[in-house]
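>>> Show me the folded form of this:
(one chain, ligands or ions: 1)
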Amino acid sequence: MEGLDGRVVDAVERLGDAGRAMLREAAKGEGLSVTQAQLLLRVTTAGAGPQSTGSFARWLEVSAPTVSDAAAALVRKGLLESVPDVTDTRRSAWVPTGAGREVAGRLHGWRDPLVAGLAACSPEDRATALRVLLEAVASLNRTGRITVARTCLTCRFLREEAPDGRAGDWCGLLGAPLAAADLRVDCPEHLPAGN
Ligand code: SF4
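Reported below is the predicted structural model:
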């Protein structure tokens with residue numbers, strides 16, 4: 001029998017394959033490519049704000065021309081519009097239109113079957129799984145295989161103990177403990193460790 005680590009990776013790979021297929025199906029139902037759907041989902045995520053081509057490209061780990069093509073198609077479809085990029089006014093950033101938000105609202109349900117599949121696990125097991133997966137993401141981030149990882153375990157604000165010396169993860173920015181179930185995967189306040 002294959003070792004535990006290999007089986008964990010196999011299971012993650014299988015979930016990834018299923019997730020990609022489900023997202024592809026949801027995107028197709030809206031007449032979008034997977035990249036177009038990902039852009040729309042990204043720009044309508046709470047707290048995401050306007051996204052530049054560069055930030056999209058880093059997030060999706062694809063080239064800037066790929067993002068430009070997908071964004072241009074979404075503009076033609078009336079789902080995205082460009083605004084000046086506040087970090088560099090010579091460039092554009094992308095925000096959703098009202099129609100784009102409606103489409104994204106339907107697309108956001110693509111992963112509901114995956115979430116429903118977790119219902120059989122206890123909250124403790126789910127929290128442990130989150131911690132384990134984020135450890136793996138942090139490792140890939142440290143070795144340069146994932147460039148964007150806005151997670152607690154890659155964040156400069158993460159502390160290994162509270163200010164009063166109690167052991168356990170602590171967010172120095174929020175001034176709050178971080179139980180395994182509280183660890184964030186896409187935190188708007190994240191700053192990469194080491195910066
Ligand atoms: S700022 Fe966000 S990502 Fe960083 S440790 Fe705090 S909650 Fe986690």
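>>> This protein: strands as residue ranges?
Remark: strands assigned in the chain by DSSP state E are 51-52, 80-85, 88-96, 158-161, 167-171, 176-177.
>>> Next, the buried residues of the third one.
Just to be clear, that refers to strand 88-96. Residues of strand 88-96 classed as buried by neighbour count (16 or more other CB atoms under 10 Å): 92-96. No exception for glycine: its C-beta is placed from N, CA and C like everyone else's.
>>> Which of the strands of the chain sits closest to the ligand?
Nearest to the ligand among the strands of the chain is strand 167-171 (3.3 Å), distances taken as CB to the nearest ligand atom.
>>> and the closest one, what other elements does it pack with?
strand 158-161, strand 176-177 (3 or more CB pairs under 8 Å, 6 or more residues apart in numbering; DSSP states H and E).
>>> what's the spacing between the closest residue to V8 other than its chain neighbours and the ligand?
For V8, ignoring the flanking residues on the chain, the nearest one in space by CB to CB, 6 or more residues apart in numbering is V132 at 7.8 Å. Relative to the ligand, V132 is positioned 17 Å away (CB to the nearest ligand atom, to the nearest Å).
>>> And R150, by the same measure?
Computed as CB to the nearest ligand atom, the R150 to the ligand distance reads 6 Å.
>>> And that residue, how close does it get to D5?
According to CB to CB, to the nearest Å, R150 and D5 sit 25 Å apart.
>>> Quick check: buried residues in stretch 108-125?
Across stretch 108-125, burial judged by 16+ other CB under 10 Å covers 110-111.
>>> And for the closest residue to D10 other than its chain neighbours, the neighbour number?
Nearest residue to D10, sequence neighbours excluded (CB to CB, 6+ apart): E2, at 7.5 Å. A count of neighbours around E2, defined by other CB atoms under 10 Å, yields 8.
>>> Thanks a lot, catch you later.
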